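Asks: From the sequence below, what's the structure:
(chains A and B)
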Amino acid sequence: MTPTRAEFHVLLALMRGPRHGYGLMQDVEELSAGQLQIGPGTLYTAIKRLRASGLIRECDADADRRRCYRLTRKGKSVASDEAHRLSDLVSEARKCGLLPSAT
Amino acid sequence: MTPERLYAALLRLYSKPFRDEYGAAMLDAFRDLRASSRRSPLALWRFVLADLVSSAAREQLDECRTGSRRFALRWLATCALGLIVTVLVANAVAWTFSYFYHPYFEGLTVPAWGYGACLGLVLGGTIAIGQWRLLPAQVRRARAWALASGIALPIAALLCGAVVERTLTGLKPVAANPYVDALSVLMRGLPQPKNWTELAVQFIAMAVSGLAIGEITARHAEKRHAY
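Replies: Next up is the predicted model:
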């Protein structure tokens, strides 16, 4: 499974630890520096797909009895693969002169 | 009506299994979003509605592909899509021939089996693509394809026969009353003995193209979900 942009941000947010739905929405916005804002619809369709693929799983409810989610080992592996893919893409963009050199 | 109740009503855009699983959590998230949002109420609703409509459309499509919707509806949709596209292509070809008619083409004959096989490829390919979009991989690779093709192919053969007749008549305008010929083909199938070969070729072309496209797309889908 190749995660979509929103799904990848959800996986990244869950790298910080278990989160409930609204917490994930806030983290995604923060991680993307406000560039990506997802609503409940996008969030829960992403959660459904990620759960079905075994990348995240539900954990015990928090103090407010809200449903929480955490990353699985497979989820970490997929997030890592996607991060490497994006990193390679950035390297290529740098070689093409689209980005300034890292040095 | 309170915003929460309105949002709860809008959740009906999602399928029932999705609502049952995530409806309450989505309502909680909406409540939190509304309480902490710095947007104006109008901007908030614009954001929420855009998010809701786009994600509901995606989720409904996903439900059609992998969920519990009735198989017959999806099968009918693939057959209808194939037949509609084939009719459109056939009519476009017939219209092109009649529009660009020139006496030079008088007496030119197009082999019926070749044209029929081409239409078969269009039909088989369209149904295969429709099945790939609408049916889950394990179904489209076996049962669904056999069932859909088994019923769609004879219908398509009749359709191809009628269109071949109409196109050939269009190339020879001296022949009278093309619609009676087309109707007779539709009513009686392909009555000439030599046309059984044409019929067989159409069947084979449709089955081979559909199966090949189905196989390629199924493998592609498997690779994409290989994690």
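Asks: was I right about A:R70 contacting A:H20?
Replies: No: the pair A:R70 / A:H20 is not scored as a contact, 10.8 Å apart, by C-beta atoms under 8 Å. C-betas here are computed from N, CA, C, even on glycine.
Asks: So for these two, which residue has more residues nearby?
Replies: A count of neighbours by other C-beta atoms under 10 Å in any protein chain shown puts A:H20 above the other of A:R70 and A:H20, at 20 against 14.
Asks: what's the closest non-adjacent residue to the more buried one?
Replies: A:R66 (4.1 Å; C-beta to C-beta, 6 or more residues apart in numbering or on different chains).
Asks: Quick check: the residue lying closest to B:M26 once chain neighbours are set aside vs B:D28, distance?
Replies: Leaving aside its chain neighbours, B:M26 sits nearest to A:P40 (4.3 Å; criterion: C-beta to C-beta, 6+ apart). Distance, A:P40 to B:D28, by C-beta to C-beta, to the nearest Å: 9 Å.
Asks: Quick one: the strands in chain A, in order.
Replies: A:19-20, A:56-59, A:68-71 (DSSP state E).
Asks: what about the helix or strand where B:L83 lies, average pLDDT?
Replies: Element membership of B:L83, judged by DSSP states H and E, is helix B:71-99. The average pLDDT for helix B:71-99 rounds to 74.
Asks: Pull out the buried positions in that helix.
Replies: By 16 or more other C-beta atoms under 10 Å in any protein chain shown, the buried positions in helix B:71-99 come out as B:74-75, B:77-79, B:81-83, B:85-86, B:89-90, B:93-94, B:97.
Asks: One more: stretch A:90-103?
Replies: Under 16+ other C-beta under 10 Å, stretch A:90-103 has no buried positions.
Asks: Could you do stretch A:82-91 as well?
Replies: Counting neighbours by 16+ other C-beta under 10 Å, one finds that the buried residues in stretch A:82-91 are A:E82.
Asks: can you check stretch B:23-43 too?
Replies: Neighbour counts over stretch B:23-43 (16+ other C-beta under 10 Å) mark B:23, B:25-30, B:32-34 as buried.
Asks: where does A:G39 fall, phi/psi-wise?
Replies: phi -90, psi 180 (degrees, to the nearest 10).
Asks: That one: neighbouring residues, count only.
Replies: By the criterion of other C-beta under 10 Å, A:G39 has 21 neighbours.
Asks: so who does it touch?
Replies: For A:G39, the contact set (C-beta atoms under 8 Å, 6 or more residues apart in numbering or on different chains) comprises A:25, B:33, B:47-48, B:50-52, B:55.
Asks: can you rerun that using 7 Å?
Replies: In this structure, A:G39 makes contact with B:47-48, B:51-52, judged by C-beta atoms under 7 Å, 6 or more residues apart in numbering or on different chains.
Asks: Give me the subset of these that lies in helices.
Replies: Secondary structure from DSSP state H places B:47-48, B:51-52 of the contacts of A:G39 in helices.
Asks: worst-scoring helix or strand of chain B, pLDDT-wise?
Replies: Using mean pLDDT, DSSP states H and E, helix B:178-188 stands out as the lowest-scoring helix or strand of chain B, at a mean of 43.
Asks: Need the pLDDT of residue 55.
Replies: Let's take chain A. Reported pLDDT for A:L55: 95.
Asks: The intended chain is chain B.
Replies: You'll see B:S55 listed with a pLDDT of 92.
Asks: Pull the number of nearby residues for it.
Replies: Counted with other C-beta under 10 Å, the neighbours of B:S55 add up to 24.
Asks: who are the neighbours in contact with the nearest residue in space to it that is not next to it in sequence?
Replies: Among residues not flanking B:S55 along the chain, A:G41 sits closest, at 3.3 Å (C-beta to C-beta, 6+ apart). When contacts are counted by C-beta under 7 Å, 6+ apart, A:G41 touches B:51-52, B:55-56.
Asks: which one of those residues is nearest A:D60?
Replies: Lowest distance from A:D60 to the contacts of A:G41 (C-beta to C-beta) belongs to B:S55, with 26.6 Å.
Asks: and the closest one, what is it in contact with?
Replies: Listed by C-beta under 7 Å, 6+ apart, the contact partners of B:S55 are A:41-42, A:45.
Asks: Make CSV from those and add pLDDT to it.
Replies: Shown next, in CSV, are these (pLDDT from 0 to 100):
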residue, pLDDT
A:G41, 95
A:T42, 94
A:T45, 94
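Asks: picking up where we left off before, quick check: the residue nearest to B:S55 vs B:F18, distance?
Replies: 10 Å.
Asks: Now the longest helix along chain A: average pLDDT?
Replies: Among the segments of chain A that qualify as a helix by DSSP H, the longest is helix A:73-95. The average pLDDT within helix A:73-95 is 93.
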